[in-house]
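K.L.:
Can you look at this prediction? I've put the sequence above it.
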Amino acid sequence: MGLFDKLAGWLGLKKKEVHVLCLGLDNSGKTTIINKLKPSNAQTQDIVPTIGFSIEKFKTSSLSFTVFDMSGQGRYRNLWEHYYKEGQAIIFVIDSSDKLRMVVAKEELDTLLNHPDIKHRRLPILFFANKMDLRDAISSVKVSQLLSLENIKDKPWHICASDALKGEGLQEGVDWLQDQITQSDSSNEDMRDK
Ligand code: G3D
């Protein structure tokens with residue numbers, strides 16, 4: 001990156017584009033989360049089930065995110081892998097109140113982590129333990145145990161408890177993701193400068 005681009009980035013004149021895959025089982029809250037992250041004038045009031053996938057955009061202080069909101073419905077899940085190469089980061093959403101399907105969520109996560117286009121890449125993964133407002137919801141620590149997140153050693157990951165309806169927990173997660181992406185960019189630049 002040239003000095004002008006860096007300066008423009010620091011001044012907020014130019015935001016780096018990042019492609020993010022938003023994955024998780026159907027009904028976990030992916031579309032609601034992405035919708036809440038968009039500027040308020042771009043948010044939709046009626047969330048309809050995602051067919052296949054949809055592409056959404058939102059910005060943070062230094063990055064411009066293009067999010068591939070992948071449908072979690074069983075029959076579409078095999079579509080996910082065609083977009084893995086595109087992704088520079090992953091948002092994985094879990095319905096913390098859906099204890100019955102936690103095993104299915106874990107299977108999907110394990111399949112994702114073992115996919116050849118994901119396995120050897122140091123992609124940051126942000127987990128949202130969503131629907132924390134529901135009485136049946138288990139804690140983010142418990143979600144992280146049930147998904148065996150401590151076994152993820154080769155990728156930075158972070159889990160945030162969220163209530164997508166109120167928008168709680170979302171900013172903390174996106175701030176973490178932004179830090180991870182900007183840090184890895186600057187370390188790559190340092191390597192190139194050497
Ligand atoms: P998906 O994109 O993962 O399939 P959606 O999930 O974003 O379509 O959300 C599925 C349902 O869960 C929606 O309800 C949505 O309002 C609800 N939802 C999403 N996040 C939360 C949350 O944090 N708390 C609660 N209580 N509900 C949430 P409907 O009724 O429209 O199906």
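P.N.:
That came through, no problem.
K.L.:
Find me the pLDDT at the residue sitting nearest the centre point of the chain, would you?
P.N.:
The residue lying closest to the centre of the chain (Cα atoms, centre = their mean) is I91, at 1.4 Å. Note on I91: pLDDT of 96.
K.L.:
helix or strand for it, which one?
P.N.:
Per DSSP states H and E: I91 is located in strand 89-95.
K.L.:
Quick check: next helix or strand after that strand?
P.N.:
Using DSSP H and E, the helix or strand that follows strand 89-95 towards the C-terminus is helix 102-113.
K.L.:
helices or strands up against that next one?
P.N.:
Helix 102-113 sits against strand 16-24, strand 89-95, helix 140-146, with contacts defined as 3 or more Cβ pairs under 8 Å, 6 or more residues apart in numbering; DSSP states H and E. The C-beta positions use only the backbone N, C-alpha and C, and glycine is treated the same way.
K.L.:
how about the spatially closest residue to the residue nearest to the centre of the chain that is not a sequence neighbour, what does it touch?
P.N.:
Excluding the flanking residues, the one nearest I91 by Cβ to Cβ, 6 or more residues apart in numbering is C22, at 4.6 Å. Going by Cβ atoms under 8 Å, 6 or more residues apart in numbering, C22 touches 30, 33-34, 67-70, 90-91, 93.
K.L.:
Same question for F92.
P.N.:
23-24, 109, 112, 125-128.
K.L.:
repeat that for 10 Å
P.N.:
By Cβ atoms under 10 Å, 6 or more residues apart in numbering, F92 lies in contact with 21-25, 28, 30, 105, 108-109, 112, 125-128, 147, 149, 157, 159.
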